[in-house]
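Undergrad: build me a model from this:
(chains A and B)
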Amino acid sequence: MNRFAELLDRLTYEPGRNNKLRLITGYFREVGDPDRGYALAALTGALSFKHAKPALIRDLIASRTDEVLFGLSYDYVGDLSETVALMWPKAALAAHNNPPPPTLTEVVTTLRTLGKTELPKQLERWLDELDETGRWALLKLVTGALRIGISARLAKTAAAALGDKDPHEVELIWPGLIPPYLDLFAWLEGRADKPVNRDPAPFRPVMLAHAIEDSDFAALDPADYIAEWKWDGIRVQAVAGRDERGHITARLYSRTGEDITGSFPDLVPSLHLPGAIDGELLILREGRVQSFNVLQQRLNRKVVSPKLIKEFPIHLRAYDLLGDDENDLRELPFAERRERLESFIKKLSDPRIDLSPTVPFASWEALTAARANPASAGAGEDAEAVEGVMLKRRDAPYLPGRPKGQWWKWKRDPHIIDAVLMYAQRGHGKRSSYYSDYTFGVWTAGGGGDELVPVGKAYFGFTDEELLQIDRFVRRNTTEKFGPVRHVVHEGDKGLVLEVAFEGLQRSPRHKSGVAMRFPRISRLRWDKPPREADRLETLERMLKEEAAEIEV
Amino acid sequence: MRGSSPRMTDEYRNVGPYMTTMRPQDILLPAAAGLCCKPGGFHIDPVRPVERAVITHGHSDHARAGHGAVLATQETLDMMRLRYGENFAGSTQAIRYGEEIRLGDVCVKFHPAGHVLGSAQIAVTCKETCIVASGDYKDALDPTCAPFELVPCDVFITEATFGLPVFRHGDAAEEVKKLLASVALFPERAHLVGAYSLGKAQRVIALLRQAGYDAPIYLHGAMETITHYYQSRGIELGELRLVKGMKKAALAGTITLAPPSATSDLWTRRFPDPVTAFASGWMRVRARARQRGVELPLVISDHADWDGLTATIGATGAGEIWVTHGQEDALVHWCRSKGLKAQPLDLVGYGDEEESETPIQGEAEA
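TA: Residues are numbered from 1 along each chain as shown, chains lettered A, B, ... in the order given. I've put the predicted structure just below:
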């Protein structure tokens, strides 16, 4: 447990993806079975046991320490598990008589079978046996609040690296594996054959598109392509299959292969025919697709209440079929898969699942027009939820990853405003010596004339060279410093204008300006433009009205 | 030292005959300039210029320039000279550990505080009453300074930098092992260790040497003078080199010590994909480490941790505890729960040196 705790501890501080991978792979290499398997399960969220409530942890610490000292410490540290881990007083045991600290395996297997009434005593014993970091990790684990910035995908990639395998291969067999994954590690270390995926509803690595550039069109023939709307939802794979006893198992996966079925139980009954659909998860109200802002209310929820399900009715818009009953369709050309999809959806005949329509076009000019005005090109009332068009080669098989020249995405032009740099903050990790997080503002009428009001924050979009330039500008034009934040000069004729691109706007009472941007990034540096000529808040408010994307729930 | 301040001592003598016993607050009392000893005519670690200052150790919040006369250990005086120049005080007097000096109506004796090289606790005795002003101290082992000495007393004045039970520093040698393990795991990256340049940096270097690390250790320019001073006092630190002028690629796999403020600035761009470490007791708390963008927190402190503070307080046998800078509330609460008389001393101007370290001139080029 202490070694696993050490890994978690190091991971919480490491910002770099590659370095995180190395830390995890290093752990897998160093630590034997079954501990590393349970570690992989913890990192991928595959462990299941009843979690301890914070109140239980509070009771434990109250029985060991002074109430006032605990209160002052908790105020200072701000995190219950951490406070308890740090101030837990060692039991007055004879030093030579101490039992060894528990292994991760011991903790996980014990928690699985432990009765509720036995939990406090057991936790207390473990807390006595572990060191500070071990106690912290234990408490994070038992309260189910690991939150160390590691995705399941990253953990699987680290496991794959142990045997120089492609993470896709691990992803493919993953649904059939169970902790502590002895068969997986045996294969990765070359001691056994690849485990067979016996899962009736496995994930299939997804196919992704390249962003199309204007210069790409010249080489492409419209006749080779089918166009569809690009929906502003989340990409999912909905899979149903029969188990040995003939019962249907249905699962919903994110594009990275994470099982998200638990968040959308309302979609499961609709997946009643064996097959694998590639599609977009959307919220439909009275037949109309809602904006991404609305969909967002249903994401990352721990508890999915009946109220949530009712107010945010989930919908799957299908655009590809990867498997039809027992048949793997991925080798077939897209045009053929599309036909199979159409008949599959018809057979399914479920109001929660429909077909994403194709966009007819004969020339790139026609498609350009459709993209500019989806409402009149077939998207109708759902046009608000269209964020561009997708182009798919008629003869393209379904290939994992981002193969060249097969699928293209052609997003609608983003919104653009000119804003003034107001504050800059240091970045993290590699960027910790750069001022790379920028708060920008636009003009609005204030008490003493026009003033800038912050409207957003962006920390990417610029090139490395531009980052150097902005960094230099920030350092030379700082008016005040507050810890890692610098106030940068922003007056009518002194300051830096940033061209900011963003995907959407939404009303936000939490922002002083009353608006919040979605996906803002720096698209250009306007050294040529004096700050007084930057945009005004009224411009954003006008855009907001056009968007009509306000959440009403 | 210059002659004692006649006005103050006269005043005291006028009162003295009528008193049968000395109250501790008649010996030492917090004043705007710092802890004032009226019967002795001096201040301890004054934050403003005073006529006579008695100084516990060389950190800049305790040892300031501009006093009339300064009494301190030779090391503390040397450090003040290195920082402020020759004329940092009107006059100076060096005192050894264990040496006793009479100032006005009190006796002053210096004892090792184990904080940094030359750091001292100051025992002030007047009649039968002994007060120990411990300055900053730690009871943990440190190869770069004399170990903390326990001084029995009536009133113990303690710091409370880490005065919360969440602060337990553990073994510094283990933290250094963590650093070395990271260097082994990432041989192509440079490791930058933020450490306060007086005391902490030299301790980290000494700990690295004790752990068997014998490669050259690199220094930020701002650390050079004080580190060489440590070496001149016979402290073995092995081969040290300046970072300045080094090629980026040559710094892969190396360890560099730098002031904390430098580890997140322009200066770091000369290192290949640096791992930022920080040696400090604050690193015990994750939010503090994350706030500073630290990737490798090393819990190595110049101050006593909670267990150290409470053990020391108990062992002095003092019946009354005065708590200065830091987390006074928790420590005062603890003392009272143990039946000790305790109060916070509201002294301003002292802080954690790591937090208050001023940026170094020409940092980017150092």
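
Undergrad: every contact and neighbour count from this point should use C-alpha atoms.
TA: OK.

Undergrad: need the residues of chain A near chain B, please.
TA: A:10, A:13-15, A:68-69, A:72-73, A:77, A:82-83, A:86-87, A:428-430, A:432-434 (Cα under 8 Å from any Cα of the partner chain).

Undergrad: out of those, which are buried?
TA: For the residues of chain A next to chain B, a burial check counting by 16 or more other Cα atoms under 10 Å in any protein chain shown picks out A:10, A:13-15, A:69, A:72-73, A:77, A:82-83, A:86-87, A:428-429, A:432-434.

Undergrad: which parts of the stretch 101-250 of chain B are helices?
TA: Assigned by DSSP state H, counting those that start in this stretch, the stretch 101-250 of chain B shows helices spanning B:172-185, B:200-210, B:224-232.

Undergrad: out of these, which one sits most buried?
TA: Mean neighbour count (mean count of other Cα atoms under 10 Å in any protein chain shown) peaks for helix B:200-210 among the helices of the stretch 101-250 of chain B, with a mean of 22.

Undergrad: nearest to chain A within the stretch 101-250 of chain B, name that residue for me.
TA: B:Val166 (4.4 Å; Cα to the nearest Cα).

Undergrad: and that residue, how far from A:Glu132?
TA: Distance, B:Val166 to A:Glu132, using Cα to Cα, to the nearest Å: 10 Å.

Undergrad: have a look at these two and say which one is more surrounded.
TA: It is B:Val166, of B:Val166 and A:Glu132, that has more neighbours when counted by other Cα atoms under 10 Å in any protein chain shown, with 28 against 24.

Undergrad: return the residues in contact with that one.
TA: B:Val166 sits next to A:73, A:83, A:86-87, B:284, B:306 when contact means Cα atoms under 8 Å, 6 or more residues apart in numbering or on different chains.

Undergrad: which of those sit farthest apart?
TA: Greatest spacing in the contacts of B:Val166, by Cα to Cα: A:Thr83 and B:Trp306 (13.9 Å).

Undergrad: pLDDT weak spots in the chain?
TA: By default, I'm working from chain A. Applying pLDDT under 70 to chain A flags the ranges A:91-97, A:429, A:546-553.

Undergrad: I was thinking of chain B, sorry if that wasn't clear
TA: Using pLDDT under 70, the flagged stretches of chain B are B:1-21, B:347-349, B:351-366.

Undergrad: quick check: residues of it near chain A?
TA: Near chain A, when you scan chain B using Cα under 8 Å from any Cα, you find B:164-168, B:264-269, B:273-274, B:285, B:287, B:290, B:293-296, B:330, B:333-334.

Undergrad: burial count for B:Leu198?
TA: 21.

Undergrad: I figured it was touching B:Glu224, is that so?
TA: No: if you go by Cα atoms under 8 Å, B:Leu198 and B:Glu224 don't touch, sitting 10.4 Å apart.

Undergrad: and for stretch A:172-187, what's in contact with it?
TA: A:33-38, A:40-41, A:46-47, A:159, A:163, A:192-199, A:201-205.

Undergrad: output that stretch as CSV, nothing but the C-alphas.
TA: Provided in CSV are the C-alpha atoms of stretch A:172-187 (Å, rounded to 0.1, in the frame of the first residue of the first chain):
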residue,chain,number,x,y,z
LEU,A,172,-9.9,-4.1,-27.2
ILE,A,173,-9.6,-6.8,-24.7
TRP,A,174,-10.2,-4.6,-21.6
PRO,A,175,-14.0,-5.1,-21.2
GLY,A,176,-13.4,-8.9,-20.7
LEU,A,177,-10.7,-8.4,-18.0
ILE,A,178,-11.2,-8.4,-14.3
PRO,A,179,-8.8,-7.2,-11.5
PRO,A,180,-6.1,-8.1,-10.7
TYR,A,181,-5.5,-8.7,-14.4
LEU,A,182,-3.1,-11.6,-14.0
ASP,A,183,-3.7,-12.7,-17.6
LEU,A,184,-3.1,-9.2,-18.9
PHE,A,185,0.2,-8.7,-17.2
ALA,A,186,1.3,-12.3,-18.2
TRP,A,187,0.6,-11.3,-21.8
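
Undergrad: contacting residues for the closest residue to chain B within the stretch 451-553 of chain A?
TA: As assessed by Cα to the nearest Cα, chain B sits closest to A:Pro484 within the stretch 451-553 of chain A, at 8.6 Å. By Cα under 8 Å, 6+ apart, the residues touching A:Pro484 are A:425-426.

Undergrad: hmm, back to that, among the helices of the stretch 101-250 of chain B, which comes closest to A:Arg153?
TA: That would be helix B:172-185 among the helices of the stretch 101-250 of chain B, by Cα to Cα, at 22.6 Å.

Undergrad: now the phi/psi pair for A:Ser263, please.
TA: Backbone torsions of A:Ser263, given as degrees, to the nearest 10, read phi -80, psi -20.

Undergrad: distance of the residue nearest to B:Leu298 when sequence neighbours are not counted relative to chain A?
TA: Among residues not flanking B:Leu298 along the chain, B:Ala279 sits closest, at 4.6 Å (Cα to Cα, 6 or more residues apart in numbering or on different chains). According to Cα to the nearest Cα, to the nearest Å, B:Ala279 and chain A sit 15 Å apart.
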